[in-house]
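>>> The sequence and its predicted three-dimensional model are supplied below.
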Amino acid sequence: MEQLRTIGRELAMGSQGGWGQSKEFLDLVKSIGEARSKAEEDRIISRELEHLKRRLADPDVQRRKMKELLLRLVYAEMLGHDASFGHIHAVKMTHDESLPLKRTGYLAVALFLDERHDLVILVVNTIQKDLRSDNYLIVCAALTAACRLIGEEAIPAVLPQVVELLAHPKEAVRKKAVMALHRFYQRSPSSVSHLVSNFRKRLCDNDPGVMGATLFPLYDLILEDPNSYKDLVVSFVNILKQVAERRLPTSYDYHQMPAPFIQIKLLKILAVLGSGDKQASGHMYTVLGDIFRKGDTASNIGNAILYECICCISSIFPNPKMLDAAAETTSKFLKSDSHNLKYMGIDALGRLIKINPDIAEEHQLLVIDCLEDPDDTLKRKTFELLYKMTKSTNVEVIVDRMIEYMINITDHHYKTEIASRCVELAEQFAPSNQWFIQTMNKVFEHAGDLVNIRVAHNLMRLIAEGFGEEDEGADSQLRSSAVDSYLRIVGEPKLPSSFLQIICWVLGEYGTADGKYSASYIVGKLYDVAEGHPTDDTVRAYAISAILKIFAFEIALGRKMDMLPECQSLLDELSASHSTDLQQRAYELQALLGLDKQAVESVMPSDASCEDIEIDRNLSFLNGYVQQAFENGAAPYIPESERSGAISVSNYRAQDQQETSAHALRFEAYELPKPSLPLAASQVSISTPNTDLVPVPEPSHYKEGNQMSRSQPSGDSLSGEFGVKLRLDGVNKKWGRPTYSSSSTPPSSTSSQQATNGGSGSEVGRSTSSQARESSYGSKRQQGTEVSAEKQRLAASLFGSSAAKADRRGQAGRKTAKESPSTEKVAIANATPQPAKEQVIPSAPPPDLLDLGEPVSSNPPSADPFTQLEGLLGPASASPVLSDAPASSTSKTPDLMSIFSDDVQTGVTGGTTEPSLGVNVVAAKKGPSLQDALQKDVAARQVGVTPTGNNPILFKDLLG
């Protein structure tokens, strides 16, 4: 608020040439500054906006007054209120010839609009004109607005002029031109990729401001490809040396530091270029040492330069002298009373220990002080440092501290981060399996819902596999201790779901393994878990499966066990559950109770969770069934990779009956107007009784061609009668959306498939969207005033002595990352080679539905292509069904051979039932001669169907 008040006062008190001030503006700024609440401030701004609306609507507002009104609009938008009604006035002011008004207009437009705003197009032409202005102040204002308003599409319109301005005699123009090119590169790198050499040239500019502005685009380019700019290392080092030696004008000093922001950017660039490059790093050591010696720790900007030097040293090739200087500066930061400097010291220490871990031991007491500091931000940064310096000798102390801190925080985001770090450290440096299990129990108990489910699976696998050695006694002891701990924890309220799943699995597998607890006791505990979480189906499923294992193990041992009444009532409840998973588990448990000992041992073997599983991914035992299905005419299986999310044919037909697709382009032709039909000498009425609709008893098109006595009119005759003709001349694209078409169709589906525009009933539409798949550690320790001896003990636990550097990882190492063959061994069975006709259809481009010249299978196609083409002409040109036709007739297969029948077909079944149209069509005559066949060939070509050149009979290739 204080900054807004200052800005408003400066705007009103003459910073715009001395004539932009007014009492109204000063009163507005004063009233906002004296507002006691946000609501009062909103009321003041709302009244001001209403006043500005009335003033801007006045066509006689003076130009000077319009400038002040725009500034007041800017002030309102700075406070978060909508002043869009005045945006057009700011655009108009950019066209003004007066320099103060133009600059005010550009300022307002840059604050009001962005590159996606509709009004930006009105400003682009003005920017182009002003970039050619002789007044460099106008050019600077235009370049400033271009950085804000020019988007990716408008960059080519102004790019040539901006490049020309790089050679402008005024340094301010050159600087802003470099900034504009940098902005263009950020928005569209490909648009200015050929101009990156201009940045190298501007690095040698005589003006330090232009050179400093060039460092920013060069930094972005170096991050993308450091090797291409290795030759500039010497130049950057020389520039940094000149800046550090105060060779720049004093106008660039800030708090008596020479050009500190240029120094910081140069240090960032050198850190990238010197990473892993000994030769390039050798050029930097001297200037870095000079900066350390001349560093000023009395000001914040001086400390910022020193911190950036430490970051640079930690990135380039290591040098012992530079590391000592960085460690000394880091020690000063840590010993400071300022929390900001301590934060920088912890961060710098975390960078240096990656190079030399012994540096942390020198500052261990200072790190302990930061760990116990009440500043939460500093404490979190210290935990990040401890995370980086964790090893097998101090993992227990660090993880315990992290868990203790995790219990006491409420920030779920950071709690998730701390939990994941605890899990990572425990999996990597766990000294023993027992400690790992206890640590995981604490993490799951206090942050179970925030931990990845993979961690839960790893924990269950560890308990099942044990130590991975032949010591069965140690494995049994591990599982027994896990059961004991889970039985103590299971009664606590509000346990996370993932933790309850682990508990149920462990109790089901090993609850009665050592005989310490009776089966009835374990079952009762599992019943309590299932009954206590009625809304969590996953936990209830784990509990039911665990109860099933307990009963199976008892039956296998020959011990009779009665079902508890409460468990029986739970099973009855789950048997009628809405969840099919819970139903299945309940029925499986009831069925298992009726099996004998031998059957139970084969169904539920004891301690078989880590047994090898052989998987026949080809399902070779089904080869005989598949062969028989192929012989009966079944279609081959289409792999999911080739279907690409295809849906079933029935769903596709149902969708097409209502709407082609809710999220796809529609290719149906527009409905044509119904023209008046000319009278003909011989007229055949389409409206005939229902008995004329002859059902097709078999899907064989050969039989249909010999038996059917009626034919539908061809596309040419229809279009001739209606005065309309489908013109496909010069059309290269295919009709219809790309679909997958099978060469054969089961006979049972041909009678119910419906022709659609651009695809047949057997073709499966592509799915428009795909679905993605996925999914108390004690009380807090009382912290009193710690004496130095206690800090020494904690420091010794965290950092250890210099002699204890041996990593005890291999002595009692836990096998969390063990690649055990017992987890799952996949044995791929060799499938019997299948004949060529049984092979899966390879992926191919969608076939041309209008090209019938290619040989196809003798199996009947599922749709008449002429019926599809008639659908393109609209309902007026298609032969509708009778209004009282039975509903079952809508799914019959259209007759492909009806075009060659002697008579005109009286009705063609469509997807929907429409009222009868009294349309008379001239009968199409067919003769056995070759001339008649050629005429029908011409008629077929006019509707876009091209038969083979060797056979003038249109469907001979199709019928085989």
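Here it is on my side, so go on.

>>> Can you report how many residues neighbour the closest residue to Gly466 other than its chain neighbours?
Of all residues not flanking Gly466 in the chain, Asp475 sits nearest, at 3.1 Å (C-beta to C-beta, 6 or more residues apart in numbering). C-beta coordinates here come from the backbone N, C-alpha and C atoms, glycine included. Neighbourhood size, Asp475 [other C-beta atoms under 10 Å]: 18.

>>> Can you report how many residues lie near Glu50?
Residues contacting Glu50 under the criterion other C-beta under 10 Å number 10.

>>> Doesn't Lys494 lie inside a strand?
No - per DSSP: H, G, I helix; E, B strand; the rest coil, Lys494 lies outside any strand segment and is coil.

>>> What does it show for phi and psi?
phi 60, psi 50 (degrees, to the nearest 10).

>>> Ok, Tyr254 next?
Main-chain torsions, Tyr254, degrees, to the nearest 10: phi -140, psi 120.

>>> All further residue positions should be reported with the first residue as 23.
That works, and once the first residue is 23, the last one we named lands at Tyr276.

>>> Might you list the low-confidence residue ranges for the stretch 373-522 of the chain?
Along the stretch 373-522 of the chain, the model assigns pLDDT under 70 to residues 489-492.

>>> what about the helices in the stretch 523-672 of the chain?
For the stretch 523-672 of the chain, applying DSSP state H, counting those that start in this stretch gives helices covering 541-554, 559-578, 587-597, 602-614, 619-625, 645-653, 662-665, 671-680.

>>> of those helices, which approaches Lys401 most closely?
Checking the helices of the stretch 523-672 of the chain against Lys401 by C-beta to C-beta gives helix 559-578 as the closest, at 35.0 Å.

>>> Okay, angle between that closest one and helix 587-597 too, please.
130 degrees (axes from the mean of the first three to the mean of the last three C-alpha atoms, to 10 degrees).

>>> if we can go back for a sec, got the helices of the stretch 523-672 of the chain as a markdown table, with distance to Lys75 columns?
Listed next are these as a markdown table, based on distance: least, C-beta to C-beta, whole Å:
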| stretch | distance to Lys75 |
| --- | --- |
| helix 541-554 | 62 |
| helix 559-578 | 58 |
| helix 587-597 | 66 |
| helix 602-614 | 62 |
| helix 619-625 | 80 |
| helix 645-653 | 76 |
| helix 662-665 | 59 |
| helix 671-680 | 49 |
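
>>> which of those sits most buried?
Across these, the average number of neighbours (mean count of other C-beta atoms under 10 Å) peaks for helix 559-578, which reaches a mean of 22.

>>> how about the helices of the stretch 523-672 of the chain, which one is nearest Leu203?
From the helices of the stretch 523-672 of the chain, taking C-beta to C-beta, the stretch that ends up closest is helix 662-665, at 45.7 Å.

>>> For the protein, which segments are assigned as strands?
In the chain, the strands defined using DSSP state E lie at 275-276, 279-280, 706-707, 732-733, 925-926, 942-943.

>>> Quick one: list the elements packing against the second one.
Using 3 or more C-beta pairs under 8 Å, 6 or more residues apart in numbering; DSSP states H and E as the contact criterion, the secondary-structure elements in contact with strand 279-280 are helix 322-337.

>>> quick one: contacts of the helix it packs on?
Here helix 322-337 makes contact (C-beta atoms under 8 Å, 6 or more residues apart in numbering) with 276-277, 279, 282, 285-286, 289-290, 292-294, 296-297, 306, 310, 313-314, 317-319, 341, 344-345, 347-348, 351-352, 355, 362-363, 366, 369-370, 373-374, 376-377.

>>> Flag every buried residue along it.
Within helix 322-337, the residues scored as buried using 16 or more other C-beta atoms under 10 Å are 323-337.

>>> could you point out where the stretch 523-672 of the chain is predicted with low confidence?
Looking at the stretch 523-672 of the chain by pLDDT under 70, you get 629, 631-632, 666-672.

>>> follow-up on the earlier one: the residue nearest to Gly488 and Gln523: what is the separation?
Distance, Asp497 to Gln523, using C-beta to C-beta, to the nearest Å: 22 Å.

>>> again, but for Leu816
To Gln523, Leu816 is 36 Å away according to C-beta to C-beta.

>>> Neighbour count: these two, which is higher?
Remark: of Leu816 and Gln523, Gln523 carries more neighbours, 24 against 19, as counted by other C-beta under 10 Å.

>>> That one contacts Thr560, doesn't it?
Yes - using C-beta atoms under 8 Å, Gln523 is in contact with Thr560, at 6.6 Å.

>>> Need the residues that contact stretch 145-155.
Residues external to stretch 145-155 that are found in contact with it (C-beta under 8 Å, 6+ apart): 113, 116-117, 124, 131, 135, 160-161, 163-165, 167-168, 171-172, 176, 179-180, 183-184, 187.

>>> Just the buried subset of those residues, please.
Looks like the contacts of stretch 145-155 have 113, 116, 124, 131, 135, 160-161, 163-165, 167-168, 171-172, 176, 180, 183-184, 187 buried, using 16+ other C-beta under 10 Å.

>>> Among the residues you listed, which are located in helices?
113, 124, 131, 160-161, 163-165, 167-168, 171, 180, 183-184 (DSSP state H).

>>> Looking at these, spot the one nearest Tyr436.
Closest to Tyr436, out of all of these and judged by C-beta to C-beta, is Leu171, at 38.9 Å.

>>> tell me the contacts of the closest one?
Val131, Ala132, Leu135, Asp136, Glu137, Val142, Val145, Val146, Ile149 are the contacts of Leu171 under C-beta under 8 Å, 6+ apart.

>>> Excluding chain neighbours, give the residue nearest to the first one in space.
For Val131, the nearest residue in space outside its immediate sequence neighbours is Ala112; the separation is 4.8 Å by C-beta to C-beta, 6+ apart.

>>> Against Lys252, how distant is the one you found?
As judged by C-beta to C-beta, Ala112 and Lys252 stand 47 Å apart.

>>> Pick out whichever of those two has more residues nearby.
Ala112 (25 against 14).

>>> pretty sure the more buried one is touching Phe134, no?
Yes - the criterion here is C-beta under 8 Å, and Ala112 meets it with Phe134 at 5.7 Å.
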